[in-house]
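Chemist: Sequence first, then the predicted structure, then my questions.
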2 protein chains.
Amino acid sequence: MKFEAVTIKDIAKALGLSTSTVSRALRDSYEISEETKQLVLNYAKEINYRPNPIALSLKEKRSRSIGIIVSEIANSFFSQAINGIESVAHLHGYNVIITQSKESYEREIANIQYLSSRSVDGCIISVSAETKDYTHITELYERNLPIVCFDRVIEALNTFKVTVNSFEGAYNATTHLIKNGFKKIAMLSGSSVLSISKDRLSGYRQALIDNGIEFNENYVAYCQHGGLIYEEVEAALNYLLNLKPKTDAIFAGADKLTTNCMRYCKAHHIDIPKQLALIGFSNLDFTDLLCPPLSVVRQPAFEMGRISAELLIKMIESKRPITDFESKILPAEIYARASTEPINTKKKNEK
Amino acid sequence: MKFEAVTIKDIAKALGLSTSTVSRALRDSYEISEETKQLVLNYAKEINYRPNPIALSLKEKRSRSIGIIVSEIANSFFSQAINGIESVAHLHGYNVIITQSKESYEREIANIQYLSSRSVDGCIISVSAETKDYTHITELYERNLPIVCFDRVIEALNTFKVTVNSFEGAYNATTHLIKNGFKKIAMLSGSSVLSISKDRLSGYRQALIDNGIEFNENYVAYCQHGGLIYEEVEAALNYLLNLKPKTDAIFAGADKLTTNCMRYCKAHHIDIPKQLALIGFSNLDFTDLLCPPLSVVRQPAFEMGRISAELLIKMIESKRPITDFESKILPAEIYARASTEPINTKKKNEK
DNA sequence: CTGAAAGCGCTAACAG
DNA sequence: CTGTTAGCGCTTTCAG
C-alpha cells in the first residue's frame, strides 16, 4: 500500500509550466507575474498540494522539527514539560518528535541517534538515570547539533540548561518537616549519578545542619531506577524504616519515589503522617486527592519546557555559534498538606 | 549552526570507490567482493557512518515511522497506549511520532496533515472530542494512508479498530452500583459525539433497565471537552446533584471526568461514598491511593496500543490492499474499592 | 565485481 | 518573468 502525494511536478505538468516556476510561485517570489502566481496558487489549493517536508529536509538539511528525549512520558512532570515545549515549538513553526529512554542508557543512545540522523534541528534532553557516560551526546553537540538540557542536566556540556532549584526545593521540604516537629528524617533518593539527586541531597543535608540536626548518611537510600520499579522502593523503605533511632519522616526526591512510598505505606498499613510523615517531589495533578492529601515539592514543568524550547530555537536560528550560555533555574513550590501535618505527641507522652 | 553528518560520498572518496559500490557493500550485496565489503564496513564503523533516513524516505517513499494522534499524552490511558505502540513499533524497526490534538478539531487536522506529508507510513488515531467531520481523515485513508483507529473510533471508516468493550464496562460498573444498594445513579458523560460515549451510555442504560430501574435522560450530563476543563465538570455536577430525587451515585465515563468529579466532591465536602458513590473509567495508576480509594473501570491501554501497532504494521507491509478488517474489542476490568462501598442505611432509617 | 547515471521532490544559481 | 540545470544522500538500473 502506498500513499501518493501531489508534487510540484504534477502542478507544472498540468499547467504547462516548469517546476521552478511553480516552486517560485508557491513561495510568492517577486520574479513571478501576478497572473502565474494566481494560476498556480489556485490550482495548488484545488488539488490540495502540500510540499513534501522530506524533500525539503534533504535539501535544506533542516527539518523544522525538534527532538525530545525524556525518561518516561507517563510521568506527569515530563508530559507537562512536553506540553510546554510543544506550545512554543508550534508557535515558531516547529514540530516535535518525542522519544522515551525508559531510564535505559541503550535506548537513550538509540533515540538520540535516530533523532540526529532524522535531521531534527535540535534536541531537548533530560538524561536517563542510568547514563554515566555522555559521549553519545557531547559528540553530536560538538558536531553542531543544538542541544538544550533540562531537568537532569549534563554538567560538563557547555550549553543552555533549564532546571528547577533542586537544592532549595529539598531544603524547604526538609525544613518544613523539621518545623512540623519531625526528628528523624530520611531521604529516599533517585539515582546517585544524576545531578538533581545530588542537589536534592545537598538541600536536605543543609536543612538538617542549619537546624542543628546531624546529617547521617545511613538515613539516605538510593533507587537507581528513580522509583520506576516498585521493588527498589520497597527495598529502600524496608531498610530506612528499620533504622534505629526510628525514621519518622521521609523526604522523597522524585515523582515515582513519592507515590511508590505512599503505596508502600498503604500496603504495610503505615499511617501517614502519624507513623511516618511524607513529602516529596511530584508533579502529579492528583496529590491533593490522595489519602492523605500529599505534601509535595512541585516543579514548574510546563514553564521549564517552554523555556527550553525557546532557548533551543534561539540556538537553532542563531546565525553564529552561541557562546554565552545561561542556566535557567526556576523555583520549586512547596504544597503543604496533611501528609506532613504535625502530630500531637503530647497525648501519648505527657500527663 | 549546521550539523554535518558523514555520507556515503565521504566514504567513497576516502576509499577511492564509487558511491554505488559503497552503498552495495553496506547493504551486503552479493555482487561485491568480500574484500571490498570488509574495507567499507570497517571504515564505515570507524567514522561512525549512519545512513540518512531522510534521503531514504525520499527515495523509497516510506519512512519506517508511524504517527500517533491522541488527545492528550498527559492522560494515563494514552501514555500507556503509546507505550504499547512503541514497544511493537521498535520491534519491527519503526519509529513513532506522537502528536496531541488537545481535543481540538483544528489541531487534529494540522497534526494528521503534518504526519502524512511527513511521510509516516501509517497512523494510529484516537479522534478528538470535538471532531464531528472526518473528511480530513477519510480523505487520506482513501488515498491509501494506512490508518488504525483506537479508543475513539470512526464508525464510518472501514479499517481496523481497537476498542475496549465500553458497553460492557459501563454495564458492569452500573450494575456494581446497583448491587451495592445505590438507587439514583447519574451518569457523567464525555462528548456526546464520541462513539465510546454512546456505548457507555447504552451500557449504563441497559444495566438500569435490566435491574428494573427506569432510565431517565435527565440524570445524564455531558461534558463536551471530556472533563479536560474542570469548570464543565463542575457545571455538570451542580446540575446532577440538585436533581430530585437526589442522585446518590455517579458513573463517570472518562478519566478526567472521574478525577474531576472527585475534586468537586472534595471542594464541596461531599463524602464519598456516604453522600455520593463514585465509579468511573480511569487508567490512572494511583486510584488505589486516592481518598477514598476509587472504584474504577480500567482499560487495557498498553494492550490496545500493542494491538493497534501490530495491525497498522500488518497493513503497511501487506502487499495487496486489505479488505477484511476485524474490530478488536477488549474487555474492561472493574476494580471495586471504597468509593462504591454499600452504605448501611439501616442505622439512619430503622429502629 | 565495479562504476556511471538517473531519479525521489524540492530549491536556487544561472541563463535567457 | 520563466526555463534549464544541478544537487541534497541514497538506491538501482544499465553498462562495462
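Modeler: Looks like it came in fine.

Chemist: Quick one: the helices in the stretch 1-150 of chain A, in order.
Modeler: A:8-15, A:19-26, A:34-46, A:53-60, A:76-91, A:105-117, A:135-142 (DSSP state H, counting those that start in this stretch).

Chemist: which residues make contact with the fifth one from outside it?
Modeler: Counting contacts by Cβ atoms under 8 Å, 6 or more residues apart in numbering or on different chains, the residues outside helix A:76-91 that touch it are A:66, A:68, A:70-73, A:95-96, A:98, A:124, A:126, A:150-151, A:255, A:282-285, A:299, A:301-310, A:313, B:73-74, B:79, B:100. C-beta here means a position set from N, CA and C on the backbone, and glycine is covered the same way.

Chemist: Now list the buried members of the residues you listed.
Modeler: For those, a burial check counting by 16 or more other Cβ atoms under 10 Å in any protein chain shown picks out A:66, A:68, A:70-73, A:95-96, A:98, A:124, A:126, A:150-151, A:255, A:282-284, A:299, A:301-310, A:313, B:73-74, B:79, B:100.

Chemist: Got the phi and psi for A:A252?
Modeler: Backbone torsions of A:A252, given as degrees, to the nearest 10, read phi -110, psi 130.

Chemist: That one touches A:I279, doesn't it?
Modeler: Yes. Between A:A252 and A:I279 there is a contact at 7.4 Å, judged by Cβ atoms under 8 Å.

Chemist: what stretches of the stretch 1-150 of chain A score poorly on pLDDT?
Modeler: A:1-4 (pLDDT under 70).

Chemist: So what's the residue count around the closest residue to A:R337 other than its chain neighbours?
Modeler: Of all residues not flanking A:R337 in the chain, A:P293 sits nearest, at 3.9 Å (Cβ to Cβ, 6 or more residues apart in numbering or on different chains). Burial of A:P293 is recorded as 20 neighbouring residues (other Cβ atoms under 10 Å in any protein chain shown).

Chemist: can you pull the buried residues of stretch A:328-339?
Modeler: A:K328, A:L330, A:A332, A:I334, A:A336, A:R337, A:A338, A:S339.

Chemist: Looking at the residues you listed, which is nearest chain B?
Modeler: A:A338 (9.2 Å; Cβ to the nearest Cβ).

Chemist: Was I right to think the closest one contacts A:P293?
Modeler: Yes. Contact criterion Cβ under 8 Å: A:A338 and A:P293 qualify, at 4.6 Å.

Chemist: Enumerate the residues of the stretch 101-250 of chain A near chain B.
Modeler: Residues of the stretch 101-250 of chain A lying near chain B by Cβ under 8 Å from any Cβ of the partner chain: A:Q113, A:Y114, A:S116, A:S117, A:R118, A:S119, A:L140, A:R143, A:N144, A:L145, A:P146.

Chemist: who's in contact with A:A332?
Modeler: If you count contacts by Cβ under 8 Å, 6+ apart, A:A332 has them with A:V164, A:N165, A:S166, A:E168, A:G169, A:N172, A:F281, A:V297, A:R298, A:Q299, A:P300.

Chemist: so where does the residue nearest to it when sequence neighbours are not counted fall, helix or strand?
Modeler: Excluding its sequence neighbours, the residue lying closest to A:A332 (Cβ to Cβ, 6+ apart) is A:G169, at 3.3 Å. Assessed by DSSP states H and E, A:G169 sits inside helix A:166-179.

Chemist: Let me know whether A:S189 touches A:G253 as I believe.
Modeler: Yes. Using Cβ under 8 Å, A:S189 makes contact with A:G253 at a distance of 4.7 Å.

Chemist: Show me whatever sits in contact with both of those two.
Modeler: With Cβ under 8 Å, 6+ apart as the test, A:S189 and A:G253 both reach A:S197, A:R200, A:L201.

Chemist: now the buried residues of stretch A:328-339 in JSON lines, with pLDDT?
Modeler: Shown next, in JSON lines, are the buried residues of stretch A:328-339 (pLDDT from 0 to 100):
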{"residue": "A:K328", "pLDDT": "97"}
{"residue": "A:L330", "pLDDT": "98"}
{"residue": "A:A332", "pLDDT": "97"}
{"residue": "A:I334", "pLDDT": "97"}
{"residue": "A:A336", "pLDDT": "97"}
{"residue": "A:R337", "pLDDT": "96"}
{"residue": "A:A338", "pLDDT": "96"}
{"residue": "A:S339", "pLDDT": "97"}
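
Chemist: mind listing what's buried in stretch A:242-249?
Modeler: Along stretch A:242-249, these residues count as buried under the neighbour rule (16+ other Cβ under 10 Å): A:T247, A:D248, A:A249.

Chemist: residues contacting the second one?
Modeler: Taking Cβ under 8 Å, 6+ apart as the contact definition, A:D248 lies against A:F182, A:K183, A:K184, A:I185, A:Q275, A:L276, A:A277.

Chemist: And chain A, what are its domain boundaries?
Modeler: A:8-51, A:62-163+A:301-330, A:166-299+A:334-350 (automatic domain parsing).

Chemist: first to last residue in the shortest one, what's the distance?
Modeler: When the termini of domain A:8-51 are compared using Cα to Cα, to the nearest Å, they are 8 Å apart.

Chemist: is that domain up against DNA strand D anywhere?
Modeler: Yes. Using Cβ under 7 Å from any atom of the strand, domain A:8-51 reaches DNA strand D at A:16-21, A:24, A:30-36.
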